[in-house]
Each structure stands twice: as structure tokens, then as C-alpha cells.
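> structure for this input, please:
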Amino acid sequence: MQIKPLYILIAVLVVVVAAALVYFVFVAGVGQVAAAGDTVSVYYNGTFTNGTVFDSNFGGQALNFTVGANQVIQGFNNAVIGMKIGQTKSVTIPPNEAYGPVNSSLIISIPLKVFGNETAKVGMIVTQQTGSGQQIEGLITALNTTNATVNFNPPLAGKTLDFKIEVLKITRK
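Numbering: from 1, shown residues only. Sure, this is the predicted structure:
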């Protein structure tokens, strides 16, 4: 019995295609999806709902974080879960999955005399030490003749955020 050259060619093609498929799915990571515990590298573009960009790293250094390790806001983390390498996704993140709502108890009035010789100005960043010894930053939002109003909320608190996310790399533990 003689094997025909066509059958040999078909067998070689099947082996080559299978090897390429194995390479792309398992070695190159194509088809691999981000899951909790994976370290991912992403590009992102963050905008407010009116389209104003507040942050972006496209064309710069990728953001690397471990999915599920509370290293990024919850909505961003959740958006990356299930994404593949090379995939781009747009997502809208409400305040409760981002930096939370504005907490009015973090907007306080501070006597100007606390600033000593330094002149307080609207837009100035000030630091305050919490009872636990942690330093937090606040923004002076208003002044009168005796006091400065300082907002210690995160700058993006109360805001709905839109992100365009592109997964560049997924590394399994």
C-alpha cells in the first residue's frame, strides 16, 4: 500500500495548523482572558461624561496591576475581568464603583490663622494628618476673611467616569 503525496501534505498541514493554534492560544496568550489574581498591563483613557480627559496613558507607560487586589477602582477592575489581550473596551463607571460620593463631612472650615505666614488661596492643596497618622490632601475651595473651606474628598469623588481600556498583557500567577 502506497501513501499518496496529497495525504502526506494534508497531514503536514494539520500538524502545522495545530501547532500554530497551540502557540497562539497558550504561548502567545491570544484567547487568554483576565481573571482575579492575574497581573495585567493596560492602556487607558479616562474622561468625564462631557468628554473632558482627566487622565490617559495611551502612548506612554502601561498601567500594571493585579486583578482583584484593590490596586485600582472597583469599576475599572471589574471592566478588565474577562478581557483578552489586544481587546479594547469602553466602560462607564458610576461614583459608587469609582471614588465614591462626595462626603460632606470631609468639607471643613479651617481658620486662616492655621496657615501662619503662608497666604491661603483658592485652588491651593493642603495636607492634614488624620487621627491614624495618615496624611490626606485637601483643596481650598473658598475663602472669607477668617476661614478657608477645604475639601478633603478625592478629586474625582461624586463623578461618573468613562474609560477606554486596552489590555496589552496578561500574566498568570
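
> where does the chain have low pLDDT?
Along the chain, the parts satisfying pLDDT under 70 run over 1-30.

> can you pull out the strands in it?
Along the chain, counting by DSSP state E, strands occupy 39-48, 53-56, 63-66, 88-93, 107-111, 125-129, 135-143, 147-151, 161-171.

> in the longest one, what counts as buried?
When you say that, I think you mean strand 161-171. By 16 or more other Cβ atoms under 10 Å, the buried positions in strand 161-171 come out as 161-163, 165-167, 169-170. (Glycine included, C-beta is placed from N, CA and C.)

> so that strand versus strand 39-48, what angle?
170 degrees (axes from the mean of the first three to the mean of the last three Cα atoms, to 10 degrees).

> how about residues contacting strand 161-171?
The contact list for strand 161-171 (Cβ atoms under 8 Å, 6 or more residues apart in numbering) reads 29, 32-34, 38-49, 54, 58, 62, 75-76, 79-80, 83-93, 98.

> please convert the strands of the chain to TSV, extending it with distance to residue 118.
Below are the strands of the chain laid out as TSV (distance: least, Cβ to Cβ, whole Å):
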stretch	distance to residue 118
strand 39-48	31
strand 53-56	28
strand 63-66	35
strand 88-93	37
strand 107-111	12
strand 125-129	9
strand 135-143	11
strand 147-151	11
strand 161-171	33
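
> how does the chain divide into domains?
Using automatic domain parsing, the domains assigned to the chain come out as 1-30, 34-103+154-173, 105-151.

> quick check: end-to-end length of stretch 153-166?
One end of stretch 153-166 sits 29 Å from the other (Cα to Cα, to the nearest Å).

> ok, now stretch 54-67?
End-to-end span of stretch 54-67 (Cα to Cα): 23 Å.

> let's have the chain start at 26 instead
With 26 as the first residue, the last one maps to stretch 79-92.

> what residues sit buried inside it?
Using 16+ other Cβ under 10 Å as the test for burial, stretch 79-92 gives 88, 90-92.

> count the residues that sit near residue 174.
Residues near residue 174, counting by other Cβ atoms under 10 Å, number 16.

> hmm, it is touching residue 132, no?
Yes: taking Cβ atoms under 8 Å as the definition, residue 174 is a contact partner of residue 132 at 6.6 Å.
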